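In: Just need the structure, nothing else, for what follows:
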Amino acid sequence: MIWRCPICRTATDSAADRHFPFCSERCRRSDLGAWASGQYVISEPALEFDDTDFVTREEEENET
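Out: As a prediction, the model looks like this:
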């Protein structure tokens, strides 16, 4: 699969580039640094949960 590096837009190949989807270690670290510094954020949860979706260990043991 041919893709463009999300940092510098250089073409990169999933079969040939060990840093895929990045073109280099430098771009991979730049992306990680952006996440670590808060430049990237997830604006909303990917999935919606409510308290009834979770079972405590005690509830699980009582069911058996």
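
In: residue ranges with poor pLDDT in the chain?
Out: 46, 48-64 (pLDDT under 70).

In: Show me what the lengthiest helix in the chain is in contact with.
Out: Ranked by residue count, the top helix of the chain under DSSP state H comes out as helix 25-37. Helix 25-37 has contacts (Cβ atoms under 8 Å, 6 or more residues apart in numbering) with 5-8, 10, 19, 22, 40. In short, each C-beta sits where N, CA and C put it, glycine included.

In: Tell me the buried residues in that helix?
Out: 27-28, 31 (16 or more other Cβ atoms under 10 Å).

In: can the contacts of helix 25-37 go into TSV with extra columns for distance to L47, secondary structure and neighbour count?
Out: Shown next, in TSV, are the contacts of helix 25-37 (distance: Cβ to Cβ, whole Å; DSSP: H, G, I helix; E, B strand; the rest coil; neighbours: other Cβ atoms under 10 Å):
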residue	distance to L47	secondary structure	neighbour count
C5	29	coil	20
P6	24	coil	15
I7	28	coil	17
C8	32	coil	13
T10	33	coil	13
H19	29	coil	14
F22	27	coil	22
Y40	19	coil	11
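
In: which two of these lie the greatest distance from each other?
Out: Largest separation among the contacts of helix 25-37 by Cβ to Cβ: T10 and Y40, giving 19.8 Å.

In: Show me which of the buried residues of helix 25-37 is closest to L47.
Out: Nearest to L47 among the buried residues of helix 25-37, with distances taken as Cβ to Cβ, is D31, at 23.6 Å.

In: Could you tell me how far that closest one is located from S37?
Out: 11 Å (Cβ to Cβ, to the nearest Å).

In: Thank you kindly, that will do.
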